[in-house]
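Chemist: whatever this is, show me its structure:
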Amino acid sequence: MRLVIATCSVDYQGRLNAHLPTADRLLMVKADGSVSIHADDRAYKPLNWMSPPCQLHEEEGRWVVTNQRGETLTITIEAVHADHYADLGIDPGLEKDGVEAHLQELLAARPDVLAEGLRLVTREFPTDIGPVDLLCRDADGGAVAVEIKRRAEIDGVEQLARYLERLDLDGRLRPVRGILAAQHIKPQARVLAAARGITCVEIDYERLRGESEGDLTLF
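Modeler: Here you go, the predicted model:
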């Protein structure tokens, strides 16, 4: 990971254009290639970012980040106050709480409750940015990545979208579609999921646990 504190302005060009005026900010470059820009507030949420796969080109006083869709993030740097590298190594991943882990176990045994004809290939299928909860095949043989949450928000959609980008690089799997499964899915997450081509499935955990059947709603 690389952490840079700099006085900079930021311009995004893509599906829409956005501009951040000059200010002191934290620039974060992760080992997966992602680049994000942070202010000293807003908790963990970046002001702007570029998800992998993307390319970072450093020029004198300027960083230009480009992704496969041709979107660009241009960071114009007026002054660098700190530039630090750290090797964090391989992260063991998030340990899911009891309900979420059990929900994954139940859905691995009954993936067909998420979509008719869905069958499990494996749990915790690895990608170079972390494991996707379930890798399945649908009735037509197409690959399906399933991310499971207790409560799904925008971050869950973004996480699954990143996994789909990485999985689509594998010619044996491409094209891969995504399903976000959760006990509750926030409206904003549903809107973003629809824009990303991801299916949302709300699950009645108690019924699935008690009867091994899902009370599901598709959006």
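Chemist: for the rest of this, base every contact and every neighbour count on C-alpha atoms.
Modeler: Fine.
Chemist: against residue 3, how distant is the most centrally placed residue in the chain?
Modeler: Computing the C-alpha centroid of the chain and ranking residues by C-alpha atoms, centre = their mean puts residue 159 first, at 1.7 Å. Distance, residue 159 to residue 3, by C-alpha to C-alpha, to the nearest Å: 22 Å.
Chemist: so what's residue 50 up against?
Modeler: Counting by C-alpha atoms under 8 Å, 6 or more residues apart in numbering, residue 50 makes contact with 34-36, 65-67, 73.
Chemist: using JSON lines, lay out these together with distance to residue 169 and pLDDT.
Modeler: As requested, the contacts of residue 50 are arranged in JSON lines below (distance: C-alpha to C-alpha, whole Å; pLDDT from 0 to 100):
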{"residue": "34", "distance to residue 169": "16", "pLDDT": "91"}
{"residue": "35", "distance to residue 169": "20", "pLDDT": "95"}
{"residue": "36", "distance to residue 169": "22", "pLDDT": "94"}
{"residue": "65", "distance to residue 169": "20", "pLDDT": "96"}
{"residue": "66", "distance to residue 169": "17", "pLDDT": "95"}
{"residue": "67", "distance to residue 169": "14", "pLDDT": "91"}
{"residue": "73", "distance to residue 169": "22", "pLDDT": "95"}
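Chemist: those in helices, which ones?
Modeler: Taking DSSP state H, every one of these sits outside helices.
Chemist: can you tell me which of those residues is closest to residue 181?
Modeler: The closest of the contacts of residue 50 to residue 181 turns out to be residue 34 (C-alpha to C-alpha; 25.2 Å).
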